[in-house]
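Q: Compute the structure for the input listed below.
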Amino acid sequence: MVVVAPARTGTVFSLFLGYGMLWGPYLAMLPEIRRVAGANDAQLALAMLIGALVAVPAMAGVGRLLDAVGRPAAVAAVGLFAVVAPLPSIVDSVPTLIGAVALFGFGSGACNVALVALAAAAEAGSGRPVMNRAHALFSVGLLAGSLATSGALAIGLSGRAMAVALAAAFAVGVVRCRHGMPRRFAVRKRVSHRRIRLGRVAALISVVAALAMVLESGVQQWSAVFLTDTVGVSPALAAAMPGLFAAAMAAGRFAGHWLISRTSARTVLRVAGVLAGAGVLLLATAAGPAPGLAGVTLVGAAVSVVTPTSYTIVGHAATPDERGSAIGSVASLASIGLLLGPAAVGQVASWTDQRTAVAALSVVALAICLLARWIPHKPTTGGAR
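A: Numbering: from 1, shown residues only. Below you'll find the predicted structure:
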């Protein structure tokens, strides 16, 4: 039997950190990107919807390519995001906004599945938790990229230059890290083209992860716009909101790494749902910067553990030769939440107002709490049933 070599943990952590840094400029510049493009709430929501929609086939396709091809597919998927990540910073109209966000979403989806599969391989090979720490470092990277961009904007420098510089640095890092990726993600002789069928538990995990992405993407991508338009905070402070959200997510994921080895996944998800719902309501009712900051922080810390915990359960349940496809399938289903989050907030805001749209996300947090009762207490190995 051929043994599949695990990914190096250091490689996984470095790439997650860089992946987050490329998201930082996009989120920090989103109010400015919308202003330059001349987009209203509905048009921005449409761009986000298309960006998330094209990520779905990218996620599913890359998962299968990882199992079939191995390292070259991982390098290509991660490197692609370095190429397309700066594009939203150069838009000048609504059509270019839609096109740039679509390419950003496709590249991010491909990169996400490749990195999650690398983390699952490292976790399976080392026998130690990796997923929450890796996602925490994504949030650290997002924080660094967001703060660097908002700092540049505050002193009159170009956010576009920051986005391009970070993308170039990430591309160099991908090339340097390629030897830390496994040559194969699957046992060669067992690779097939059959459809991965999700069991009841795996399907439920997909739904929970999708709901978490609704919360995460809805708050993360709209917090700066909401606080600028509705609460009236300064553009410089609003640009720091995605960074604050990322910092809270990093803290929550480091805590989640500790918690998941000491309590059940069910308990972690239930507590996360309760706290995220409270944070959403605090943000939606904010009358000034302080409660807005507190709400963003609480949502970020709470929701941060849901998706990594879901991927850990799936990664443990799948056999090595199907891990990439299984994660790709779950990630593509969960990305429905990525589709619905920013788009739904924008659409509801266009029908009512931004406060109502943000407050509606508390229903999503409640659903996570209710569904978590059917999640297994601990991840099991040998197949998601």
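
Q: could you say which helix or strand contains residue 311?
A: Following DSSP states H and E, one finds residue 311 within helix 306-317.

Q: average pLDDT for that helix?
A: Taken as a whole, helix 306-317 has an average pLDDT of 77.

Q: same thing with stretch 129-137?
A: 82.

Q: Wait, residue 345 touches residue 218, no?
A: Yes: judged on Cβ atoms under 8 Å, residue 345 makes contact with residue 218 at a distance of 4.6 Å. C-beta coordinates here come from the backbone N, C-alpha and C atoms, glycine included.

Q: Identify the contacts common to the two.
A: 358, 361 (Cβ atoms under 8 Å, 6 or more residues apart in numbering).

Q: could you pull out the helices for the stretch 251-385 of the chain?
A: Applying DSSP state H, counting those that start in this stretch to the stretch 251-385 of the chain gives helices spanning 265-284, 289-303, 306-317, 323-351, 354-359, 361-371.

Q: for these, which one sits closest to residue 100?
A: Nearest to residue 100 among the helices of the stretch 251-385 of the chain is helix 323-351; the distance by Cβ to Cβ comes to 14.9 Å.

Q: Who are the packing partners of that closest one?
A: With contacts defined as 3 or more Cβ pairs under 8 Å, 6 or more residues apart in numbering; DSSP states H and E, helix 323-351 has these neighbours: helix 41-69, helix 94-126, helix 200-226, helix 306-317, helix 354-359.

Q: residues in contact with the shortest one?
A: By Cβ under 8 Å, 6+ apart, the surrounding residues in contact with helix 354-359 are 41, 218-219, 222, 225-226, 229-230, 280-281, 283-285, 344-349.

Q: which of those residues count as buried?
A: 41, 218-219, 222, 225-226, 229-230, 280-281, 283-284, 344-349 (16 or more other Cβ atoms under 10 Å).

Q: To residue 28, which of the helices and strands packed on helix 323-351 lies closest?
A: Among those, the nearest to residue 28 by Cβ to Cβ is helix 200-226 (7.3 Å).

Q: Quick check: next helix or strand after the closest one?
A: helix 235-239.

Q: roughly how far out does stretch 244-264 sit from the chain middle?
A: Distance, stretch centre to chain centre, for stretch 244-264: 15 Å (Cα atoms, centre = their mean, to the nearest Å).

Q: so what's residue 124 scoring on pLDDT?
A: pLDDT, residue 124: 72.

Q: Can you get me a residue count around it?
A: When neighbours are counted by other Cβ atoms under 10 Å, residue 124 registers 18.

Q: which non-adjacent residue is nearest residue 158?
A: Excluding the flanking residues, the one nearest residue 158 by Cβ to Cβ, 6 or more residues apart in numbering is residue 152, at 6.9 Å.

Q: who are the neighbours in contact with that neighbour?
A: Residues in contact with residue 152 (Cβ under 8 Å, 6+ apart) are 158, 159, 161, 162.

Q: ranking those residues by neighbours, who comes first?
A: residue 162 (24 neighbours).

Q: Surely it and residue 149 touch.
A: Yes: Residue 162 is within contact range of residue 149, at 4.9 Å (criterion: Cβ under 8 Å).

Q: Identify the contacts common to these two.
A: The contact lists of residue 162 and residue 149 share residue 25, where a contact means Cβ under 8 Å, 6+ apart.

Q: How far off centre is stretch 150-169?
A: How far stretch 150-169 lies from its chain's middle: 21 Å, per Cα atoms, centre = their mean.
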